[in-house]
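[1] I'd like to go over a predicted model; first the sequence, then the structure.
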Amino acid sequence: MAQTVQRQALAVRRVQRSQLVVRALGPANGTTEKTVAPMSIVFVSAEVSPWSKTGGLGDVVGGLPVELAKRGHKVLSIAPRYDQYSDCWDTSVVVNVDGEPVRFFHAIKQGVHRVFIDHPWFLAKVWGKTGSKLYGSRSGSDYIDNHKRFTLFCKAAIESVKALPFGPGEDCVFVANDWHSALVPLLLKDVYQPSGQFKNTKVAFCIHNIAFQGRFWPESFKDMALPQAALSKLGFQDGYSKVFDERTPLDDDEKPTDSLAGPFNKLNWMKAGILAADKVLTVSPNYATEIGSGPDKGVELDKFIQQVGGAEGIVNGMDVTEWNPKTDKYVPIKFDRSTVFEGKAAAKAALQAELGLPVDPTAPLFGYIGRLEEQKGVDILLAALPKIKGAQIAILGTGKAKYETLVKGLGTKNPNFKGVVKFSAPLAHMITAGADFILVPSRFEPCGLIQLHAMQYGTVPVVSSTGGLVDTVKEGVTGFHMGAFDADKLNPADADAIAATVNRAAQVYSTPKFREMVKAAINQDLSWSKPARKWEAILEEVVKGCPGAPAKKASVPTPVQAKQPIGV
């Protein structure tokens, strides 16, 4: 314990020294650019890393607010309190939301006010369970009271900015994220502003994954205590005879289209968020184009996105503290861009030994890290494996039982293939550092983080051509593209495309071209620094109609658009 305290104290002193250096150097020497017009920005999200996370949403709300605070803004994030967070304190502030007493817990981390909504509907339901249980006992089996849980959450989030002593009051801009907080724009426009509150407050709505929309039966409306007029934005029809919750769960082998009939009247929270928001955003420019292109990629919300003028995409950044080969505790020899080849050689040998693969530096090693389910394309990858020659394959993940069984048995069919079915942060880091290539065969991918983590370690991505993968991986420069895949079924041509691209990458592995790609990948700035600048510009545009916002946005290229430095 004493050593831990000493290490923490040393870390604090280092941070303090670094902050002094930053202030001394000024913006011209690579420090964070400061805004001349600070805003109060309130992120409302069902997840915020490291406290709660099931995917990219938690990472965004964990990282982006920190960078915006560095730029001089007052930033809050508001999320449910799912567990007994040891670093957060009871503010003693209590508000009444539809007859329910709600408390607020608080911490200040890296300049950001982290606020947590405390109510038994969150803590008692999720406490002691893994992060994947935030919305239901498993994927496709949502809690039947989610409409009540997240209605309360949205209302409490809005009340918190007025009730908390450090809150910004009504002088703020809200950023709601995904369906769980989609009622925030609706409440502001249909409840608060008609009553004379938050009259000048703006709200942006960010779509992190349009596949999850918050569809409920119309009967749930009576539990939400909203004005009847709100039904015009919430109302929706689809062809599904089910809402996939605890009463009618989605089975592992069932696809949503298996229950097509109808039409059936529903409520759609994401639709309401899109229609009520002052600005609709998403997590990459290409994904923004896709979700407005038609009902297939827009999952039946495309026409509403078109109705509000489309969504604007901003490529996500990544956590360059947790994912950093210079400091990664799971990497045997720390490395950076100047020692990438030596460091990766050691990491590869350690990974091969850990997995029981032949320790062979000449064998190109491809890694996969992710959920074992159709969205991530793991079924296509497994179908492609028999056609992949002269390469080692390592797959890490959990998911559907049928894919877990197949992945577990990989090594019995080919000594160069290894599957590990479990959640393992150490092994995820080892694969990211030790693999030569990372596989991302997703059917759709709003932005994607795996490929960003990989490039940070000089690991070359091999990706499908969809969503944010198009914006972040440049063919022949920082990675390889496999093409777009059939969204609905396993197409043999897609498996052939994976095998052909893997075999093509394996051939490049032994050439000077591969070393150039490693250098191009690791030399990029994939942090939140640049995305935060674009976020700032868009929010300035929303709040103030800032005339300089378009130029500021244009100054932030995607990783594919950015010039790729080669030298190390």
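    Alright, I've got the coordinates. Since this is a predicted model, take the numbers as computed values, not measurements.

[2] For the residue nearest to Q110 when sequence neighbours are not counted, give me its contacts.
    With C-beta to C-beta, 6 or more residues apart in numbering as the criterion, Q110 has its nearest non-adjacent residue at 4.6 Å, and that residue is V66. Yep, even glycine has a C-beta here, placed from its N, CA and C like the rest. By C-beta atoms under 8 Å, 6 or more residues apart in numbering, the contact set of V66 is 75, 109-112, 528.

[3] Give me the neighbour count for E33.
    13 (other C-beta atoms under 10 Å).

[4] what sits against G214?
    146-147, 150, 179-180, 182, 267-270.

[5] returning to what we had before: tell me the SS of the residue nearest to Q110?
    When classified by DSSP: H, G, I helix; E, B strand; the rest coil, V66 comes out as helix.

[6] Next one: it, what pLDDT does it get?
    We have a pLDDT of 98 for V66.

[7] before we move on, what about F104?
    pLDDT at F104 comes out at 98.

[8] about what we covered before: just the buried ones out of the contacts of G214, please.
    146-147, 150, 179-180, 182, 267-270 (16 or more other C-beta atoms under 10 Å).

[9] What about the residues you listed, which are in helices?
    Judged by DSSP state H, helices contain the following of the buried ones among the contacts of G214: 146-147, 150, 269-270.

[10] Tell me the buried residues in stretch 314-326?
    Applying 16+ other C-beta under 10 Å to stretch 314-326 flags 314-320, 322-323, 325 as buried.

[11] brain fart, stretch 159-175
    Going by neighbour count (16+ other C-beta under 10 Å), the buried part of stretch 159-175 is 159-161, 163-164, 167-168, 172-175.

[12] Contacts for it, please.
    Residues contacting stretch 159-175 (C-beta under 8 Å, 6+ apart): 39-44, 74, 76, 78, 91, 93, 95, 97, 102, 104, 106, 113, 115, 117, 158, 184-185, 188, 197-206, 539, 542-543.

[13] can you rerun that using 7 Å?
    39-44, 74, 78, 91, 93, 95, 97, 104, 113, 115, 184, 197-198, 201-204, 206, 539, 542-543 (C-beta atoms under 7 Å, 6 or more residues apart in numbering).

[14] before we move on, what about stretch 381-397?
    In contact with stretch 381-397 (C-beta under 7 Å, 6+ apart) are residues 355, 357, 363-372, 406-407, 410, 416-420, 424, 427-428, 431, 435, 439, 441, 490, 495-496, 498-499, 502-503, 506.

[15] For ChimeraX, what selects the buried ones among these?
    A single ChimeraX command selects the buried members of the contacts of stretch 381-397 (16+ other C-beta under 10 Å):
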select :355,357,363,364,365,366,367,368,369,370,371,372,406,407,410,416,417,418,419,420,424,427,428,431,435,439,441,495,498,499,502,503,506
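
[16] Cross the contacts of stretch 381-397 against strands and list the overlap.
    365-369, 417-420, 439 (DSSP state E).

[17] Please produce JSON lines containing the residues you listed, extended by pLDDT and distance to P557.
    Below are the ones in strands among the contacts of stretch 381-397 laid out as JSON lines (pLDDT from 0 to 100; distance: C-beta to C-beta, whole Å):
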{"residue": "L365", "pLDDT": "98", "distance to P557": "31"}
{"residue": "F366", "pLDDT": "98", "distance to P557": "28"}
{"residue": "G367", "pLDDT": "98", "distance to P557": "28"}
{"residue": "Y368", "pLDDT": "98", "distance to P557": "28"}
{"residue": "I369", "pLDDT": "97", "distance to P557": "27"}
{"residue": "F417", "pLDDT": "98", "distance to P557": "38"}
{"residue": "K418", "pLDDT": "98", "distance to P557": "38"}
{"residue": "G419", "pLDDT": "98", "distance to P557": "37"}
{"residue": "V420", "pLDDT": "97", "distance to P557": "37"}
{"residue": "L439", "pLDDT": "98", "distance to P557": "26"}
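
[18] from these, which is closest to K519?
    L365 (18.5 Å; C-beta to C-beta).

[19] any idea how far the closest one lies from N146?
    Per C-beta to C-beta, to the nearest Å, L365 is found 42 Å from N146.

[20] Not counting its neighbours along the chain, what's nearest A505?
    F480 (5.1 Å).

[21] Tell me which stretches of the stretch 51-200 of the chain form strands.
    Secondary structure of the stretch 51-200 of the chain (DSSP state E, counting those that start in this stretch): strands located at 74-80, 89-97, 100-109, 112-118, 136-138, 141-142, 173-177.

[22] Paired strands for the fifth one, with orientation please.
    Put plainly, it is strand 136-138. strand 141-142 (antiparallel) (DSSP bridges).

[23] quick one: the partner strand to chain centroid distance?
    21 Å (C-alpha atoms, centre = their mean, to the nearest Å).

[24] rewinding a little: ok, which of the strands of the stretch 51-200 of the chain comes nearest E300?
    Closest among those, using C-beta to C-beta: strand 141-142, at 18.4 Å.

[25] hang on, the earlier thing: need the contacts of G214 in CSV (columns: pLDDT and distance to A211).
    Shown next, in CSV, are those (pLDDT from 0 to 100; distance: C-beta to C-beta, whole Å):
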residue, pLDDT, distance to A211
N146, 97, 16
H147, 98, 19
F150, 98, 17
W179, 98, 10
H180, 98, 14
A182, 98, 14
L267, 98, 17
N268, 98, 13
W269, 98, 14
M270, 98, 10
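
[26] Would you format these as CSV with distance to Y330 included?
    Below are these laid out as CSV (distance: C-beta to C-beta, whole Å):
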residue, distance to Y330
N146, 36
H147, 41
F150, 36
W179, 35
H180, 32
A182, 37
L267, 44
N268, 42
W269, 39
M270, 37
